[in-house]
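Visitor: 3D model of this:
(one chain, ligands or ions: 1)
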Amino acid sequence: MSHPKGAVETQRLFFALWPEPELQQRFAQVAMALLPNVAGRRVQAENLHCTLVFLGAVEAAQRLCLEDAASLVRAEPFTLTLDRLGYFHRPQTAWLGCTTTPVALQALVAGLCYGAQACGFTPEPRPYEVHLTVARKCARDPGRLPLMPIAWRVKQFALMESGSESDGVHYRPLRFWDI
Ligand code: 2AM
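Guide: Take a look at the predicted model:
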């Protein structure tokens with residue numbers, strides 16, 4: 001891609017938990033069953049993920065710093081039990097979430113936030129709420145619908161790139177770390 005003279009090339013990046021394709025399909029099926037007539041934009045199965053830390057526009061040198069920082073993060077594997085449907089009013093998103101956030105997940109997010117800060121990023125100031133967005137631009141809160149819990153054994157996290165293409169946004173894992 002060509003850039004105007006002087007413009008710095010960046011990638012739109014974030015750290016995330018990235019489910020295996022079978023699990024993405026399962027989450028998509030659950031979302032379809034819970035929100036059959038969602039008046040919004042459903043997230044495609046192959047894009048379903050849990051954001052850990054959003055970074056935004058990242059330059060090449062910053063990416064190296066972030067990868068080094070991620071390599072230093074120590075966390076334990078954990079089981080994420082997705083057992084509730086939630087809604088964020090401002091971005092109007094519906095998501096699958098957890099009644100109980102594993103301590104190991106909080107530690108992982110804290111470690112990544114610390115690393116991101118060391119690389120010059122300002123992480124989200126609000127407390128972390130684990131969520132797997134299933135629909136965007138939902139004008140109305142779908143409410144507290146019951147959900148058969150889905151247990152997701154998490155053993156790695158990923159640095160992800162978000163790319164805009166003619167058919168919409170696509171997320172691509174750039175690198176995985178075992179935890
Ligand atoms: P979310 O919608 O599930 O919260 C890649 O763009 C991912 O990063 C999105 O799926 C989104 O996750 C999250 N994201 C995008 N923009 C963001 C922002 N400004 N602040 C925090 N998270 C953001």
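Visitor: When you work out contacts or count neighbours from here on, use the C-alpha atoms and nothing else.
Guide: Fine.
Visitor: So which residues on the chain come close to the ligand?
Guide: Taking Cα under 6 Å from any ligand atom as the criterion, the neighbours of the ligand within the chain are Phe14, Thr51, Phe54, Leu132, Thr133, Ser162.
Visitor: again, only using 5 Å
Guide: In this structure, the chain approaches the ligand at residues Phe54, Thr133, judged by Cα under 5 Å from any ligand atom.
Visitor: what stretches of the chain score poorly on pLDDT?
Guide: Residues of the chain that meet the criterion pLDDT under 70 lie in 1-5.
Visitor: the strands in it, which residues?
Guide: Assigned by DSSP state E, the chain shows strands spanning 11-17, 41-42, 50-58, 78-88, 93-97, 131-136, 146-154, 156-165, 168-178.
Visitor: Just want the phi and psi numbers for the closest residue to Leu108 other than its chain neighbours.
Guide: If the residues on either side of it in the chain are set aside, Leu108 comes closest to Ala75, at 5.5 Å by Cα to Cα, 6 or more residues apart in numbering. Recorded main-chain torsions at Ala75 are phi -150, psi 170, according to degrees, to the nearest 10.
Visitor: related to what we said a few turns ago, how about a markdown table for the strands of the chain, with distance to Ser71 and mean neighbour count added?
Guide: Written out in a markdown table, the entries for the strands of the chain read as follows (distance: least, Cα to Cα, whole Å; neighbours: other Cα atoms under 10 Å):
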| stretch | distance to Ser71 | mean neighbour count |
| --- | --- | --- |
| strand 11-17 | 12 | 20 |
| strand 41-42 | 33 | 16 |
| strand 50-58 | 15 | 19 |
| strand 78-88 | 18 | 19 |
| strand 93-97 | 27 | 24 |
| strand 131-136 | 24 | 23 |
| strand 146-154 | 17 | 14 |
| strand 156-165 | 11 | 18 |
| strand 168-178 | 7 | 14 |
